[in-house]
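Colleague: give the three-dimensional model of this entry:
(3 chains)
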Amino acid sequence: MLLNKDKWPEFVGRLAGKKLLAPQSGGDAVRFAPVSDGEVPMLDFKNTRVPPKQALFPQTETMYRFQLGTEEIELPQLDEETIWLGVRPCDARAMAIVEKLFRWDIDDPYYLKRRELTTLVGLACNEPGLNCFCPSVGGGPASTEGLDLLMIDLDDRYLLEAITPKGEALLDVTGDLLDEVKADAVKEKEKVVSAAEKKIKRTVDTEGVSAGLPGLWEDPLWRRVSAACLGCGTCTYLCPTCHCFDIQDETEGFEARRCRMWDSCMFEEYTVHTSGHNPRPTRRERTRNRINHKYSYYVDKFAVTACVGCGRCVNLCPVNIDIIEILRQVKEAL
Amino acid sequence: MTGDNPYIPYTATVEETWFETGGERSIKTFKVVLDDETVRENWSHRPGQCAMIGVLGVGESMISISCSPTEGRFLRFSVMRMGKVTQALHQLEPGDKMMVRGPYGSSFPVDDWHGKQILTIGGGVGQAPLRPIVEYVRANRDQYAGLTMIYGARTSGDLCFKGEFEEMSKCDDLACHLTIDVEEDDWSHNVGFVPQMLLDLNPSPENTIVITCGPPIMIRFVLENLKKLGFADEQIYTTLENRMKCGIGKCGRCNVGGMYVCKDGPVFSYAVLKDIPEAFA
Amino acid sequence: MNLGQLRKIAAEVVAREDVKYLIGWKQGSYGYRIAPGFVEDAAGAAELIFSPLCTANLATYLTLVEKLPVPRGQEADKRKVALMVKGCDSRAVTQLLVEKGIHRDEVVVIGCPCPGMVDPALLTEKYPETEETVEVKWSGDGFLLNRSGEEIKVPRDELLAEKCRLCRYPNPVISDILLGEAVEPWELAEDNGVAEVEGKDVGGRWDYWEEQFAKCVRCYSCRNVCPLCYCQDCILDRLNPTWVNRAVNFSENTSFHIARAFHLAGRCIGCGECERVCPVNIPLGRLNRKLAREVRDKYGFEPGVDPEAEPFQASFKPDDPGDFIL
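Modeller: The predicted structure follows:
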């Protein structure tokens, strides 16, 4: 369907009733924030610093509450339906990729419940960022995987494509604002998407990488690429596919909760045993694990790379550890 | 969200506790019974599996279940006092509540070993995951060709399950070899390291399965010596441990290579393990 | 500074038998990016640069490198680490010496007098980053950008980093080898950042920091990049007992940042790295500079200037002001 941009405020108004989040400029960094009634989010952003993975995997999630000294467990109420507006296709794809793990073997009730309650409205990238490389890892600027609805900016109007019944439901409640798609819009979409693809300059070559990585276990490249690493969580926390978590009990008086929070394989403490022994004692082993997890272990388990090429880790690493460059060195060493 | 939440632990009551060893890092054994009758009836674990046990408000730790399902409808855990959670667990006395979820992970394929000689080689608290095998084999004695146990610790005070060994050595179908690192008064068993004792006993690899658990350095030399004695990789089993949080393959941290210790382990055949580069890190 | 001279000296230093490696700056993987370079040979030395983009304070690596147990039968590698420093970076080295975090005979300090760094955020805002490497140089009283052959001259004031506007020590305060000529210190700017926060009333200040700390994702990049946050066992990581919960929310984040700021009072040397690396742009420099100024005004102490100084937080003088005690 087509939405004329002058009807955008009205379109957003129709979504009221559910909690709505959209990218907003907070100071100088764009981030997802709740949209208050009557506010109209502007979708003129490249991408948010922190990915919308928090929609399904909040940085801190209460798993259950209890009173100290009792064994009665109270589960949190998860029933608020939310719409995330302006999710980039790479980030939505990341959520679909992570869902494979959270569905594998034993269902993760929190992740899956949140997915059920969340409608992801995507916005195709007309102006990809400098370090975007989604086509190299199976995505694209207008990829629909993981989304419920995809919006493509055609200058004065949006082309809306429902991907799931949830997406169709959104089109239903806004039906009177929408026009049927005609051939010219289809052509325009093709033009816009192919122009966006051409703007993506950086690439990685993953051929042979998943099978070859374990063979490079002792390769000198790992020391080289990790020498400058600060051991901070920037690359992993801002990665839309990183999904590792810690579980901690937190108490306030007699009120207590068990909660989980993002954790990072780049932290020294992540693997350290209580005895003090650390099977990954240096940043070299930790960097090697990060790359292997994304480009080899996950591929073996779920037949998909756990990297969507969003470029955040490259953009924001304080010491220019560039995953594209690491992958280049991996290829060279194979 | 309802009952299918795998992160919600069951409540269990501590029935009995005793100290296996003393000192700063003492090992305390807990015999616990799950409170809910249906849960208790439906609980089934296999030798080698683990459970997440803990105290609400403090946290959870992955601990191996140190009893065989053949022993009865209770669970046993032998816990070394190390960090925050194990310190809190050590506070528990009979009548107190322990939170339990599981059982988790792979188990020793004891039923594939029918007709075999079973050899367990343990060190220190590493005897805890081996104990269920010993008990399982003893309960199903006619299914196995024989059972030999090698168990060592630094001192006699560091040996777990001591009372049980006295009883075991009275059985003719169980060869029980104990060793300690340094000479002590009133010690009638062997003195020396476990790997050396293995060489001295010189067991035949024929029709035998070996399971070894203990400190990494012991495992390394035991594996070396098993190869010297002619054991094939497929005949050797061990268990791994790593820091864990979820126990169900989600939280990420316990991986060795592409395997999760909480799902694919803790029990591994050496034939699998020897190709995982991180396994003995 | 003459790059040829820098590389020649670096090559000589890494060739020394008592030097393990040299840490300097090299061209990054694209655009304006600079990467820390760990140089072990002449080929590595030939990649080193010093430009207005070399904002990173490499002194953090002196304490960041893991000290693994030495395998039995082997000797510990006691060779020195050579480190390239700007004025601010050299103050971090000095402060580490004061605190005995490092020993003088463990490092070879190669000083680079610094005419002032470019603020990467201001730079990319005006001249968007490109895939191609962009060379940035000092030129007269300004910066010279070379974007794909096109030379752009930018006045110094337009791009100078905030920490450099406030810098009192552009020349290394400590060095074994000094590269090039000392630079003339410049007139200090007003600290508008701190003034902006000080200008608010208590409620306004609370709102300001609430908004800032609520953004924090607790990636710990500010702590990890800090050359003076080098505790083996950081109190903020501790779980037994837990001082700061792992939960990420305004309250815990605030505890984290306040604890860190206080631990750095009288120790922070103002390299501004915490603020530069923050992925969500929390102006941590304002917090640290405010405390640095309190310490300077009240106690007359400035960290990282005198290697013989007593550590500020570990020394007491009978005439220390006590008017903050309620």
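
Colleague: rest of the way, CA atoms for contacts and neighbours
Modeller: Noted.

Colleague: for the stretch 101-250 of chain C, which residue gets nearest to chain A?
Modeller: Proximity of the stretch 101-250 of chain C to chain A (C-alpha to the nearest C-alpha) peaks at C:C219, 4.3 Å away.

Colleague: so who does that residue touch?
Modeller: By C-alpha atoms under 8 Å, 6 or more residues apart in numbering or on different chains, C:C219 lies in contact with A:C232, A:G233, A:T234, A:Y237.

Colleague: thought A:C317 was touching the third one, still the case?
Modeller: Yes: with the criterion set as C-alpha atoms under 8 Å, A:T234 and A:C317 qualify as a contacting pair; they are 6.5 Å apart.

Colleague: who's more crowded, the two?
Modeller: The neighbour comparison of A:T234 against A:C317 (other C-alpha atoms under 10 Å in any protein chain shown) goes to A:T234, with 27 against 22.

Colleague: what about the closest residue to that one other than its chain neighbours, which SS state?
Modeller: Distances taken as C-alpha to C-alpha, 6 or more residues apart in numbering or on different chains place C:C219 nearest to A:T234, at 5.5 Å, with adjacent residues excluded. With DSSP: H, G, I helix; E, B strand; the rest coil as the basis, the three-state label of C:C219 is coil.

Colleague: okay, C:C219: pLDDT?
Modeller: At C:C219, the pLDDT value in this model is 96.

Colleague: what's the answer for C:K317, then?
Modeller: Listed pLDDT for C:K317 reads 82.

Colleague: burial measure for it, as a count.
Modeller: 7.

Colleague: repeat that for C:L228.
Modeller: 22.

Colleague: how about the residue of the stretch 101-250 of chain C closest to chain A, phi and psi?
Modeller: Here is the backbone geometry of C:C219 (degrees, to the nearest 10): phi -80, psi -10.

Colleague: likewise for the one 4 residues further on?
Modeller: Backbone torsions for C:R223, taken as degrees, to the nearest 10, come to phi -70, psi -40.

Colleague: list the contacts for the residue in the stretch 51-200 of chain B that chain C sits nearest to?
Modeller: Nearest residue of the stretch 51-200 of chain B to chain C: B:K84, at 5.9 Å (C-alpha to the nearest C-alpha). For B:K84, the contact set (C-alpha under 8 Å, 6+ apart) comprises B:V58, C:L239, C:N240.

Colleague: same thing with A:G167?
Modeller: Taking C-alpha under 8 Å, 6+ apart, we find A:G167 in contact with A:T119, A:V121, A:D148, A:L149, A:E161.

Colleague: thought the third one was touching A:L170?
Modeller: No: the criterion here is C-alpha under 8 Å, and A:D148 misses it with A:L170 at 9.2 Å.

Colleague: longest helix in chain A, by number of residues?
Modeller: Taking DSSP state H as the criterion, chain A has its longest helix at helix A:183-199.

Colleague: quick check: buried residues in it?
Modeller: By 16 or more other C-alpha atoms under 10 Å in any protein chain shown, the buried positions in helix A:183-199 come out as A:A185, A:K189, A:V192, A:V193, A:A196, A:E197.

Colleague: in chain A, what residue sits furthest out from the centroid?
Modeller: Within chain A, the residue lying farthest from the chain centre (C-alpha atoms, centre = their mean) is A:G69, at 38.7 Å.

Colleague: any stretches of the chain with poor pLDDT?
Modeller: In the absence of a named chain, chain A is used. Where chain A drops to pLDDT under 70, the residues are A:26-28.

Colleague: chain B is the one I meant
Modeller: Counting by pLDDT under 70, chain B has low-confidence residues at B:1-3.

Colleague: ok, so of the buried residues of helix A:183-199, who is nearest chain B?
Modeller: Taking C-alpha to the nearest C-alpha as the measure, chain B sits nearest to A:E197 out of the buried residues of helix A:183-199, at 33.0 Å.

Colleague: now B:V222: which helix or strand?
Modeller: helix B:216-228 (DSSP states H and E).

Colleague: can you give me the helices in the chain?
Modeller: Reading this off chain A. Using DSSP H, the helices of chain A run over residues A:8-14, A:89-103, A:109-117, A:165-173, A:183-199, A:209-212, A:221-226, A:234-237, A:283-292, A:298-302, A:312-316, A:323-333.

Colleague: actually it's chain C I care about, not the one you picked
Modeller: Along chain C, counting by DSSP H, helices occupy C:3-15, C:42-45, C:61-64, C:87-98, C:120-126, C:156-159, C:162-165, C:192-198, C:202-215, C:221-225, C:250-264, C:273-277, C:284-299.

Colleague: would the third one count as contacting chain A?
Modeller: Read it as helix C:61-64. Yes: interface with chain A: helix C:61-64 contributes C:Y61, C:L64 (C-alpha under 8 Å from any C-alpha of the partner chain).

Colleague: tell me the strands beside the strand or helix carrying B:I211, with direction?
Modeller: Taking DSSP H and E as the criterion, B:I211 maps to strand B:208-213. Here strand B:208-213 is paired, per DSSP bridges, with strand B:117-123 (parallel), strand B:236-239 (parallel).

Colleague: quick check: residues of the stretch 101-250 of chain A near chain B?
Modeller: Residues of the stretch 101-250 of chain A lying close to chain B (C-alpha under 8 Å from any C-alpha) are A:101-102, A:106, A:108-109, A:113, A:217, A:243-250.

Colleague: from the residues you listed, which land in strands?
Modeller: Members of those lying in strands (criterion: DSSP state E): A:F245, A:D246, A:I247, A:Q248, A:D249, A:E250.

Colleague: phi, psi for B:C176 please.
Modeller: Phi and psi for B:C176, reported as degrees, to the nearest 10, are phi -120, psi 110.

Colleague: so what's it closest to, chain neighbours aside?
Modeller: Spatially, and ignoring its direct neighbours in sequence, B:C176 is nearest to B:M149 (4.8 Å; C-alpha to C-alpha, 6+ apart).

Colleague: contacts only, for the one you found.
Modeller: The neighbours of B:M149, taking C-alpha under 8 Å, 6+ apart as the test, are B:L119, B:T120, B:I121, B:G122, B:L174, B:A175, B:C176, B:H177.

Colleague: again, only this time at 6 Å
Modeller: B:L119, B:T120, B:C176, B:H177 (C-alpha atoms under 6 Å, 6 or more residues apart in numbering or on different chains).

Colleague: against B:Y237, how distant is the second one?
Modeller: Taking C-alpha to C-alpha, to the nearest Å as the measure, B:T120 falls 9 Å from B:Y237.
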